[in-house]
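[1] Sequence and predicted structure, then a few things I'm wondering about:
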Amino acid sequence: MAIADGDIASRPKSPGRLTGPKPLLWQVLGRPTGLIGLIVVLLTLATALAAPLVAPHDPRAISMGHRFKPPSATNLLGTDDLGRDNLSRVIYGARLAVEIAIPAVAGAFLVGLLLGLLAGYFGGWFDRGLVILIDTLLAFPSVILALALLTLVGHSIVNTALVVAISFFPYYARLTRGLALSTKHQTYVRAERALGAGRVRIMFVHLLPNILPPLLVVVAMDVPSAIVVEAGLAFLGLGVPPPAPDWGVLLNDGFLNVAISAWPLVGPLLALVFVTTGFTLLGETLRDITDPRQAGVRRPARFLGRGAR
Amino acid sequence: MAGYLLRRLLSALVVLLLTTVLLALAVHLVPGDPARIVLGEHATPELIAMVRDRMGLDDPIALQVWHFVSGAVQGDLGTDFVQSVPVTSLIGQVLPDTLALAFASILLALLIGIPLGIALARWPGGVLDRVTHGLSMVFISAPAYVTSLVLLLLFAVKLRYLPAVGAGQAAEPVDYLRHLVLPAAALAVFWWGYLPRLLRATMLEVMGTQYIRNSRAFGVREPVIFYRYALRNALLPIVALFGLMIGYSLTGTVYAENIFARPGLGSLALTAISQRDWPVIRGVVLMYAVFFISANLLSDLSYRLLDPRIKLDDDVEGGG
């Protein structure tokens, strides 16, 4: 993994088709869906980063005299069952969601990338073993797999990220393997081999930069899927434990008190729809640009595979 | 074809077997005393001794795996810790409710998704097309627990049109169906976003092909071309989605059952988790895996059977 990491970082600029950041960005901005998606994604990241600056109140400040208040000038989204400010909790929730989802997806990607690359390039028994392992892990819907694992390891923020990573990495391994398989027989790779390039060099200097751009698009678009799984687990009481202001925790709190007040539910529900839709819009746009043949709709697997919903 | 069928079946069986082995091994894969992992930190010594004995944790690991796998093959998933009832009978009690919910959601998805898709393809660029475009993105993106909670808030808490809690009485079909509507709709929302767009895209693609243009040149009337010639071909990819739809619905039932307080596999798993009843958790997870593997198998085979032009290659197709 360290090798892969170093090699990605040390490459000055990969010669892939869609790596030129400027034209791609222009294309994204030129489409309404891309523009909206990009704004939402950036807004989410900015909120996560600047949570202490943006949030009007301390998300953990309990005020038993102000329970279940409807929206007002001081509490724009009202207060929850312990009198905490709903809006502040949702804003801090963005930070928690990003903090869990990005490391989880990044970790899953690095492991999946390395395994997939090795299996796709070398083939043989390692490849066959990996394929069986992937198929087995993919036989569990990711929520179910995560549920079972969290029961055994206990729930905490770190374990949630770990479990999400475990349920995501088989997809990346499979995807990378497929790309490596279809790339390794291309002429330029064979030419490189004929020139005497070693296996490690071919894998990381020639295969990797060529399969990385499409993979990175997929991976970036999986961040909301990770948020969805993570918040879902917390909602079921198995992910991030309360009183952390995780969106899933907020949903669960709100759900349990739905008969008294619906306001605690509004914030996290809107936040989840907003973030997932934003990422979907950006992802669809990126896919349409990078692969026009697939424009329109195809393959629900991207949404379904994670089995998250 | 026969060769593909055989290979695909065999690989499904291997995956199923490995899944079972993995579940038998699960408590040993986490560092620490398995009995303590299952029961948590605050378990009493008596409880731990009971679990050690019941799970045969003092046996060699290979023997434990064999016991679980051979039992599972014969339909025996052990007994639960709380009531000492066979796990399979616990699952059997709630399985019909989960299956009813899954199939109701697929039915709702098709009943609304397909006509809408036809309408979109009939008038592309029209008002309906533009309105639903943005909405479909929201529908595709919203997680099942979000759609469930929104429907719960709207129809059960605010408007009070439909019951929010439980599955109703199976003996009273109307009551049972009324309880099914909201959770099934919550799981169908994704497909209401997805199916119409898919159908629209494939319909427009088919309408641009040579045989449609030829039919037009021969003077075949437009409705006949649209509904009889084009639609039949455009529906093919949707039939091939059945497997995925089953898998998606079953996963979603975990949330929908929790939110609408319905009995079912998901509720059973969550109760078992709160009671640290590992045999039940393991059994339910295995059940889900069985459904998921069969759904994937069905999906691959139907794809292959329905459209012989398609050559499915898992290697190149990838999983993402």
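    Sure thing, it's come through.
[2] Who are the contact partners of the residue lying closest to B:Gly40 once chain neighbours are set aside?
    In space, and not counting its chain neighbours, B:Gly40 is closest to B:Arg276: 5.7 Å by Cβ to Cβ, 6 or more residues apart in numbering or on different chains. (Each C-beta comes from the backbone N, C-alpha and C, glycine too.) Contacts for B:Arg276 (Cβ atoms under 8 Å, 6 or more residues apart in numbering or on different chains) come out as A:Thr151, B:Val38, B:Leu39, B:Gly40, B:Phe81.
[3] Check the gap between A:Ile227 and A:Leu45 for me.
    12 Å (Cβ to Cβ, to the nearest Å).
[4] more crowded one of the two?
    Using other Cβ atoms under 10 Å in any protein chain shown as the criterion, A:Ile227 and A:Leu45 rank with A:Ile227 on top: 32 against 15.
[5] pLDDT score assigned to the more buried one?
    On pLDDT, A:Ile227 comes in at 92.
[6] again with A:Ala2
    In this model, A:Ala2 carries a pLDDT of 39.
[7] In which helix or strand does the residue lying closest to A:Ile289 once chain neighbours are set aside reside?
    Counting by Cβ to Cβ, 6+ apart, A:Ile289 lies nearest to A:Gln27, which is 5.0 Å off, once chain neighbours are set aside. In the assignment (DSSP states H and E), A:Gln27 maps to helix A:21-29.
[8] after that helix comes which helix or strand?
    helix A:32-49.
[9] how would you label the residue nearest to B:Gly40: helix, strand or coil?
    coil (DSSP: H, G, I helix; E, B strand; the rest coil).
[10] Return the distance of it relative to B:Pro183.
    For B:Arg276, the distance to B:Pro183 - Cβ to Cβ - is 27 Å.
[11] hang on, the earlier thing: isn't the residue nearest to A:Ile289 right up against A:Gly34?
    Yes: assessed by Cβ atoms under 8 Å, A:Gln27 is found in contact with A:Gly34 at 7.4 Å.
[12] burial count for A:Ser142?
    Neighbour tally, A:Ser142, other Cβ under 10 Å: 27.
[13] Excluding sequence neighbours, find me the nearest residue to it.
    The nearest residue in space to A:Ser142 (Cβ to Cβ, 6+ apart) is A:Ser167, at 3.7 Å.
[14] of A:Gln27 and A:Gly34, who's got more company?
    A:Gly34 (23 against 16).
[15] these two touch, right, that one and A:Leu281?
    Yes: using Cβ under 8 Å, A:Gly34 is in contact with A:Leu281, at 7.2 Å.
[16] buried ones in stretch B:172-188?
    Within stretch B:172-188, the residues that count as buried by 16 or more other Cβ atoms under 10 Å in any protein chain shown are B:His179, B:Leu180, B:Val181, B:Leu182, B:Pro183, B:Ala184, B:Ala185, B:Ala186, B:Leu187, B:Ala188.
[17] That should have said stretch A:53-70, apologies.
    A:Val54, A:Ala55, A:His57, A:Pro59, A:His66, A:Arg67, A:Phe68, A:Lys69.
[18] Would you reformat those residues as JSON lines and include distance to A:Leu215?
    Formatted as JSON lines, those follow (distance: Cβ to Cβ, whole Å):
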{"residue": "A:Val54", "distance to A:Leu215": "33"}
{"residue": "A:Ala55", "distance to A:Leu215": "35"}
{"residue": "A:His57", "distance to A:Leu215": "41"}
{"residue": "A:Pro59", "distance to A:Leu215": "36"}
{"residue": "A:His66", "distance to A:Leu215": "48"}
{"residue": "A:Arg67", "distance to A:Leu215": "48"}
{"residue": "A:Phe68", "distance to A:Leu215": "46"}
{"residue": "A:Lys69", "distance to A:Leu215": "47"}
